[in-house]
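Asks: this one's structure only:
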């Protein structure tokens, strides 16, 4: 140990630490650590030191992997030949699903389902994770799973935020359902051509809030008089007989056009 050597006081000197029962284990750990540090230095430096290393550490990772039964999970084909970089940072979407980058598509799909089941409140974010990973690794299977989730009425967190933004709201807003429904009605009155887009976003908000009132309004396909006239491509000056003929002609020309609209006139 150094007792405070300095050029001003040449009487001070270096003295080896005195080993006692209190510090024996600590000094042993220091010795092992120094030997490990020496083995990490270039070979030419080790020759200069002329220090014989008596401790050769063994990597703990293989033992940990075996203990966690982490050795034989399904991986991607590429990962079997790609060296593992333990210091590389993986995309947070993998961590959010409780997965790692070399998981197979099937295992990632299982991880997504498991996270959704255990933490349903954050399902929108997990869907974003699944979609991001699917696009990142160009996986048709994962992309299909994400599309199927969306077609069944699930929405990602980004889609929910975009829906609120459409109505000028933050997705964390504390505004009630009635206020949001009022914004929707104002939007379609001031911009009728945005009705379909507004309805789509309102439905997303309704599902995110689990609000029956909002979903009912979003699914209301009733047309205004002006919308019906525009749909039939007729003007207000035409007679009722001509409007009826236009409707019949549209059904004959596009048999499923009215079914797709499923509209009634207010």
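Replies: Nice, thanks for sending it over. Being a predicted model, the structure only gives us computed values, none of them experimental.
Asks: what sits against residue 66?
Replies: With CB atoms under 8 Å, 6 or more residues apart in numbering as the criterion, no residue contacts residue 66. C-beta coordinates here come from the backbone N, C-alpha and C atoms, glycine included.
Asks: number the residues from 44 up from this point.
Replies: Got it, first residue is 44 now, which makes that one residue 109.
Asks: phi, psi of it?
Replies: phi -70, psi -40 (degrees, to the nearest 10).
Asks: what pLDDT does it get?
Replies: pLDDT recorded at residue 109 is 81.
Asks: what distance do you get for it to residue 115?
Replies: Residue 109 is 10 Å from residue 115, where distance means CB to CB, to the nearest Å.
Asks: residue contacts, the most centrally placed residue in the chain?
Replies: Closest residue to the average C-alpha location of the chain: residue 172 at 2.6 Å, with CA atoms, centre = their mean. Counting by CB under 8 Å, 6+ apart, residue 172 makes contact with 136-137, 139-140, 155.
Asks: apply 6 Å and report the result again.
Replies: Contact analysis of residue 172 by CB atoms under 6 Å, 6 or more residues apart in numbering lists 136, 139-140.
Asks: cool, residue 228 as well?
Replies: Contacts of residue 228 (CB under 6 Å, 6+ apart): none.
Asks: mind putting the contacts of residue 172 into JSON lines with neighbour count, secondary structure and pLDDT?
Replies: Below are those laid out as JSON lines (neighbours: other CB atoms under 10 Å; DSSP: H, G, I helix; E, B strand; the rest coil; pLDDT from 0 to 100):
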{"residue": "136", "neighbour count": "20", "secondary structure": "helix", "pLDDT": "93"}
{"residue": "139", "neighbour count": "20", "secondary structure": "helix", "pLDDT": "93"}
{"residue": "140", "neighbour count": "23", "secondary structure": "coil", "pLDDT": "94"}
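Asks: and the helices in the stretch 194-309 of the chain?
Replies: Under the criterion DSSP state H, counting those that start in this stretch, helices of the stretch 194-309 of the chain are mapped to 200-209, 220-233, 238-252, 255-261, 268-275, 283-296, 300-304.
Asks: what sits up against stretch 206-220?
Replies: Taking CB under 6 Å, 6+ apart as the rule, stretch 206-220 contacts 203-204, 226, 244, 247-248, 254, 256-257.
Asks: who wins for most neighbours among these?
Replies: With neighbours taken as other CB atoms under 10 Å, the top of the contacts of stretch 206-220 is residue 248, carrying 26 neighbours.
Asks: measure it to residue 210 for me?
Replies: 8 Å.
Asks: now list whatever residues contact both of those two.
Replies: The contact sets of residue 248 and residue 210 do not overlap (CB under 6 Å, 6+ apart).
Asks: how far away is the closest residue to residue 249 other than its chain neighbours from residue 238?
Replies: With sequence-adjacent residues excluded and distances taken as CB to CB, 6 or more residues apart in numbering, residue 249 is closest to residue 257, at 3.4 Å. Using CB to CB, residue 257 is found at 16 Å from residue 238.
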